[in-house]
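> Okay, here's the prediction I keep looking at, along with the sequence it came from:
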Amino acid sequence: MNDSLPAVDPDVAATADDIAEMEIRGAATIADAAAEALARQAERSEAASPEVFRRQLRAAAKTLYETRPTAVSLPNALRYVLRGMSGETVSELRASTIARAEEFQVDLSQAQSKLGEIGSNRLRDGDVVMTHCHSTDALSCLEAAVEDGKEIEAIVKETRPRKQGHITARQLRELGVPVTLVVDNAARRYLDRADHVLVGADSIAADGSVINKIGTSGLAVNARERGVPVMVAAQTIKLHPDTMTGHTVEIEMRAEREVVSDEQRADIAGERADDGLVVENPAFDVTPPRYVDAIVTERGQFPPESIVILMRELFGETTGEPWAP
Ligand SMILES: O=P(O)(O)OC[C@H]1O[C@H](OP(=O)(O)O)[C@H](O)[C@@H]1O
């Protein structure tokens with residue numbers, strides 16, 4: 001078989017660029033955009049044969065897959081949509097792919113609402129919640145708690161280098177939640193006031209490890225030391241099936257310009273130029289399961305050590321590349 005894949009629709013390429021540049025970001029939002037992009041590819045395809053159509057969809061999936069490596073919601077979304085592509089003719093393939101993408105998007109949104117209801121049960125009236133980064137799954141729990149009439153307060157970590165905490169702060173203020181915004185280094189000091197740490201996840205490994213925005217693991221260790229429970233809000237689309245067979249989750253390294261500007265780099269490097277100056281910018285870290293109290297999904301809440309049971313039930317043992325024929 002010829003492995004070279006055809007060019008993708010410009011809209012798919014644009015979505016891929018937006019994901020890579022983090023114009024579209026957050027694990028669930030990325031999955032939603034990827035499903036939408038596959039539907040656009042299917043809709044616009046002028047393939048003359050079912051085989052050409054399938055190759056175009058695989059090419060689109062590969063382009064989207066190669067944008068960011070850590071959030072497993074992306075390959076899980078691509079796999080789900082492509083596995084629903086069925087039919088003998090191009091028009092049947094097109095219709096089934098579009099329907100499957102729509103089904104995925106509806107399920108994603110319903111799962112997040114359900115997760116929010118479950119997560120909100122952990123929150124009591126008057127609780128103070130510390131957040132890290134910006135997670136729509138975590139926000140869903142807070143929104144459900146507020147809708148239940150609970151008074152919730154938030155301590156929002158800024159989350160360097162991209163300061164996604166600002167997005168969280170803005171959305172919490174829209175909900176009427178009082179927000180204290182703090183720099184990341186202040187987190188331990190403010191844990192004294194917190195009843196919960198609430199974060200999202202980009203991937204959950206089979207052993208219950210949580211892969212989330214850089215800084216999550218340090219926060220979780222400090223929370224354990226302070227006796228503050230750590231709750232992870234993660235739809236089952238964040239479960240990483242490959243970790244059941246020993247694979248590890250790749251941690252994305254992003255550009256140094258997110259940390260220092262060219263001017264700042266030149267200033268630090270001084271007269272020695274920049275040979276000896278390395279700036280590293282890992283986007284995520286791994287929080288071991290012993291620092292996590294509960295993983296909240298749309299299927300209920302789980303102690304991290306038991307998440308593998310749910311993972312087996314949902315994914316079986318094998319996965320494969322999303323675009324594999
Ligand atoms: O799916 P939701 O809960 O929205 O987000 C999950 C996670 O995705 C984000 O990654 P990034 O900002 O895309 O690097 C954050 O790490 C966040 O906790």
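Thanks, I have the structure now.
> in this protein, which spans are strands?
For the chain, the strands defined by DSSP state E cover 128-131, 153-157, 179-182, 196-199, 203-204, 210-213, 230-233, 284-287, 294-297, 300-302.
> Need those in TSV (columns: distance to R58).
Every C-beta, even on glycine, is put in place using the N, C-alpha and C of the backbone. Converted to TSV, the strands of the chain look like this (distance: least, CB to CB, whole Å):
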stretch	distance to R58
strand 128-131	38
strand 153-157	40
strand 179-182	44
strand 196-199	34
strand 203-204	23
strand 210-213	26
strand 230-233	32
strand 284-287	27
strand 294-297	29
strand 300-302	34
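> Minimum distance to S73: which of the ones you listed has it?
strand 203-204 (8.0 Å; CB to CB).
> Do that closest one and the ligand come into contact?
No. Strand 203-204 lies out of reach of the ligand by CB under 6 Å from any ligand atom, never closer than 9.3 Å.
> Tell me the helices and strands packed up against that strand.
Packed against strand 203-204 by the contact rule (3 or more CB pairs under 8 Å, 6 or more residues apart in numbering; DSSP states H and E) you find strand 210-213.
> then the strand it packs on to PDB, C-alphas only?
Output in PDB follows, covering the C-alpha atoms of strand 210-213 (Å, rounded to 0.1, in the frame of the first residue of the first chain):
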ATOM      1  CA  VAL A 210      -2.200  12.600  36.400                       C
ATOM      2  CA  ILE A 211      -0.500  14.400  33.600                       C
ATOM      3  CA  ASN A 212      -1.500  18.100  33.800                       C
ATOM      4  CA  LYS A 213      -0.100  21.600  33.400                       C
END
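> any residues touching it, and which ones?
For strand 210-213, contacts defined as CB atoms under 8 Å, 6 or more residues apart in numbering pick out 70, 132-133, 135, 159, 164, 199-205, 216, 220, 232, 234, 240, 249, 251, 283-287, 289, 292, 295, 304.
> Now do the domain split for the chain, please.
Listed by automatic domain parsing, the domain ranges of the chain are 10-113, 119-249+282-315.
> end to end, how far does the first one reach?
Yep, that's domain 10-113 we're talking about. From its first residue to its last, domain 10-113 covers 32 Å (CA to CA, to the nearest Å).
> what's the model's confidence in it, averaged?
Model confidence over domain 10-113 averages 97 on the pLDDT scale.
> hmm, it in reach of the ligand?
Yes. Against the ligand, domain 10-113 shows contacts by CB under 6 Å from any ligand atom at 25-29.
> what are the ranges of the helices in the chain?
10-20, 27-44, 50-65, 73-83, 90-120, 136-147, 165-174, 187-191, 216-226, 262-269, 307-315 (DSSP state H).
> how close does the residue in the chain sticking out farthest from the centre sit to F315?
What lies farthest from the middle of the chain is E271; by CA atoms, centre = their mean that is 41.1 Å. E271 sits 55 Å away from F315, taking CB to CB, to the nearest Å as the criterion.
> circling back: list only buried entries from the contacts of strand 210-213.
With neighbours counted by 16 or more other CB atoms under 10 Å, the contacts of strand 210-213 contain buried members at 70, 132-133, 135, 159, 164, 199-205, 216, 220, 232, 234, 240, 249, 251, 283-285, 287, 289, 292, 295, 304.
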